[in-house]
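>>> mind folding the following:
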Amino acid sequence: MVEESNEEIDLEYEDNFVINDTYTILLNRKIGSGSFGQIYQCLNTKTKKIYACKLESINELNPQLYHESKIMNIMKNCTGFPTLYCFCYTEQDKIIVMDYLGANLDTIMNKLPNKKFSIKTALMIMIQCLERLKTLHDKGIIHRDMKPENFVIGRKNKERTIYLIDFGLSKKYLNDNNIHISMKKDRNIIGTVRYISMNMHQGLEQSRRDDLESLIYIIIYFIKGELPWQNIKYKTKAERYNKIYEIKKKSTAKGGELCDSIPSGFQSIIDYILEIEFTEKPNYSMLKNASEMMLAQLNYNNDLQFDWYNLEFLKNLYKSPNIENNHKSSNNNDNKENENKEIITKENIKDINDKINNKNEIKISINSNQSDTNNFNKNYNHHNHFKRNKSTSKAKNNTITSEIKNIYKSPAPLKNSVFIKNTIKDNNEIKTVKTFLQGKNYRNKQWNEILNIKDNPTIKFMKSKNNIPHYKK
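Next up, the predicted model:
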């Protein structure tokens, strides 16, 4: 879903970067940030509609964006999944343009008076999330990073639809012959420790059952506002992991703390999920029916009247111009506990790089140049010396704009491979930009061909690893 702009956006006075002839990033309209990049609003200059774009540095040590674009392409046209419109490279960044969606469920929950969802809302959330996981799993993919921040609502009359996002850690669980991957041990932790399964704590390979276990932890977190293993004291990371695992194991057992004071059906669901075998297909219909039965026992209907679905709340939800919390948790306890996504090691990347399916091969490359770590999460700050002086007159800007057009008369590779900021305050900076552009040495014909290719939502030019000059063999 995309959103039409409600205001007249004058790019001449916007802090922006041109991606190509269609999309322009609005740098002063940041939506959020994550472990591997930044997210901004993006304007389609032809239709005047707003999208979201995620950026990842070319020099990212543990790249995920290309991998995520492959997953999004597999999930296109599926209900409750964002649509990919463009994947492209620049000299500095990789970029995907996708649907501009609403706030994540963690942000919404923390804006409610009690900072928790009602049981009715939590059960209706669970029903939709089960549908999303079934759709994802039916495509042969497991998510592996289930957390409240990765479930968001839609916009413009789509606020009652829940979307599953962020597929950077997702993985195919079927091989070329549609056979389930084998169980492996001693795996590094992948995901967010608060919500990972007990199997993941023990270093076991993840499968469909692990996504479901994480989901039930999320739903109970929504109802209670916290989980028993939050806010524990520890001295080392290893000690924290062990303590969280022990509390999970104890509190999920029958009569445990996790399901006290909530409907008994949740304990039955947990018991079922914990008994699912590694390669076994979960019974999604049974889990969905169990959720609907609990709603009925509480005299509720699945009428999609969520706690957030009223005009006043939605108006206040997006009242602030800085909407960064849409894709970033607003729960301060996460910062205190340092429960963000684990840093991925090279062993993790090798795991993700397992060649599972020839048709939809999912690959992530390791950039072994250690000096690149200095550029971790580096995005657009390196262009700050081109920042517009807000006191510049419109007449002066018009003059500068006409001079910039002369720069665009350069060969196509120059135009398409470098971001040119539209707000340059004087002729000296014009000369600086010209020098900057003309000094670039385009290394080979293959690089030029990639830069000249137009938007391709199906990413046809990325079919093989050899077509990406930035990725090392």
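
>>> how about residue 31: what's its closest non-neighbour residue?
Spatial nearest neighbour of residue 31, excluding adjacent residues (CB to CB, 6 or more residues apart in numbering): residue 39 at 4.4 Å. Every C-beta, even on glycine, is put in place using the N, C-alpha and C of the backbone.

>>> and the one you found, its phi and psi?
Residue 39 adopts backbone torsions of phi -120, psi 130, taken as degrees, to the nearest 10.

>>> thought it was touching residue 32?
Yes: judged on CB atoms under 8 Å, residue 39 makes contact with residue 32 at a distance of 4.7 Å.

>>> the residue nearest to residue 31 and residue 30: what is the separation?
Going from residue 39 to residue 30 by CB to CB, to the nearest Å gives 7 Å.

>>> higher neighbour count, those two?
Each of residue 39 and residue 30 has its neighbours counted (other CB atoms under 10 Å); residue 39 has more, 21 against 16.

>>> and the more buried one, what pLDDT?
Looking at residue 39, its pLDDT is 93.

>>> is it bridged to anything, and to what?
Counting by DSSP bridges, residue 39 is bridged to residue 32, residue 54.

>>> list the contacts of it.
30, 31, 32, 33, 52, 53, 54, 55, 327 (CB atoms under 8 Å, 6 or more residues apart in numbering).

>>> make TSV out of the residues you listed and add distance to residue 311 and pLDDT.
Output for the contacts of residue 39, formatted as TSV (distance: CB to CB, whole Å; pLDDT from 0 to 100):
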residue	distance to residue 311	pLDDT
30	26	91
31	22	89
32	24	84
33	29	79
52	23	95
53	29	95
54	30	95
55	33	94
327	23	50
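
>>> and the next element down the chain from the helix of greatest length in the chain?
Among the segments of the chain that qualify as a helix by DSSP state H, the longest is helix 119-138. Per DSSP states H and E, the first helix or strand lying C-terminal to helix 119-138 is strand 141-142.

>>> list the strands paired with that next one, with their directions.
strand 171-172 (antiparallel).

>>> quick check: mean pLDDT across the partner strand?
Taken as a whole, strand 171-172 has a mean pLDDT of 96.

>>> ok, and what's touching stretch 265-282?
Identification of contacts with stretch 265-282 by CB under 8 Å, 6+ apart yields 137, 180, 183, 198, 204-205, 207-209, 212-213, 216, 219-220, 252, 254, 258-259, 283, 286-287, 290-291, 293-294, 297.

>>> of these, select the buried ones using a PyMOL command.
Of these, the buried ones can be selected in PyMOL as follows, counting by 16 or more other CB atoms under 10 Å:
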select buried, resi 137+198+204+205+207+208+209+212+213+216+219+220+252+258+259+287+290+291+294
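
>>> these two touch, right, residue 155 and residue 82?
No: using CB under 8 Å, residue 155 is not in contact with residue 82, being 11.7 Å away.

>>> higher neighbour count, these two?
Using other CB under 10 Å as the criterion, residue 155 and residue 82 rank with residue 82 on top: 24 against 19.

>>> so where's the protein uncertain?
1-8, 10, 12-13, 34-36, 319-473 (pLDDT under 70).

>>> ranges for the strands of it?
All strands of the chain, identified by DSSP state E, fall at 3-4, 16-18, 23-34, 37-44, 49-57, 84-89, 93-98, 141-142, 151-153, 162-164, 171-172.

>>> chain neighbours aside, what residue packs nearest to residue 263?
Of all residues not flanking residue 263 in the chain, residue 294 sits nearest, at 5.0 Å (CB to CB, 6+ apart).

>>> tell me the contacts of the one you found?
Contacts for residue 294 (CB under 8 Å, 6+ apart) come out as 119, 123, 263, 265, 266.

>>> from those, which two are the most distant?
119 and 265 (10.5 Å; CB to CB).

>>> from residue 158, how far off is residue 44?
Residue 44 is 18 Å from residue 158, by CB to CB.

>>> the more surrounded of those two?
Each of residue 44 and residue 158 has its neighbours counted (other CB under 10 Å); residue 44 has more, 18 against 15.

>>> contacting residues around the more buried one?
2, 22, 23, 50, 51.

>>> and if you look at residue 162?
Taking CB under 8 Å, 6+ apart as the test, what residue 162 contacts is 80, 105, 125, 128, 129, 132, 151, 152, 153.

>>> in JSON lines: those, plus neighbour count.
Shown next, in JSON lines, are those (neighbours: other CB atoms under 10 Å):
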{"residue": "80", "neighbour count": "19"}
{"residue": "105", "neighbour count": "27"}
{"residue": "125", "neighbour count": "24"}
{"residue": "128", "neighbour count": "22"}
{"residue": "129", "neighbour count": "23"}
{"residue": "132", "neighbour count": "22"}
{"residue": "151", "neighbour count": "24"}
{"residue": "152", "neighbour count": "27"}
{"residue": "153", "neighbour count": "23"}
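
>>> any chance of CSV for those residues, columns distance to residue 317?
Below are the contacts of residue 162 laid out as CSV (distance: CB to CB, whole Å):
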residue, distance to residue 317
80, 20
105, 12
125, 16
128, 19
129, 20
132, 21
151, 15
152, 12
153, 9
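
>>> out of those residues, the closest to residue 315 would be?
Scanning the contacts of residue 162 for proximity to residue 315, where the rule is CB to CB, the winner is residue 153, at 14.2 Å.

>>> for that closest one, which non-adjacent residue is spatially closest?
Nearest non-adjacent residue to residue 153, counting by CB to CB, 6+ apart: residue 102, 4.2 Å away.

>>> what's the neighbour count on the one you found?
Around residue 102 there are 25 residues (other CB under 10 Å).

>>> thought it was touching residue 154?
Yes: between residue 102 and residue 154 a contact is recorded at 5.8 Å, counting by CB under 8 Å.

>>> let's have the contacts of residue 44 in JSON lines, adding distance to residue 147 and neighbour count.
Output for the contacts of residue 44, formatted as JSON lines (distance: CB to CB, whole Å; neighbours: other CB atoms under 10 Å):
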{"residue": "2", "distance to residue 147": "25", "neighbour count": "19"}
{"residue": "22", "distance to residue 147": "32", "neighbour count": "18"}
{"residue": "23", "distance to residue 147": "29", "neighbour count": "21"}
{"residue": "50", "distance to residue 147": "26", "neighbour count": "20"}
{"residue": "51", "distance to residue 147": "24", "neighbour count": "25"}
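
>>> from these, which single one is nearest residue 95?
Distance to residue 95 across the contacts of residue 44 (CB to CB) is lowest for residue 23, with 8.4 Å.

>>> and the gap between the closest one and residue 49?
Residue 23 is 10 Å from residue 49, where distance means CB to CB.

>>> with residue 261 instead?
According to CB to CB, residue 261 stands 46 Å off from residue 49.

>>> looking at these two, which has the bigger crowd around it?
A direct count of neighbours by other CB under 10 Å for residue 261 and residue 49 places residue 49 higher, at 14 against 7.

>>> who's the more buried one bridged to?
Applying DSSP bridges to residue 49 gives these bridge partners: residue 4.
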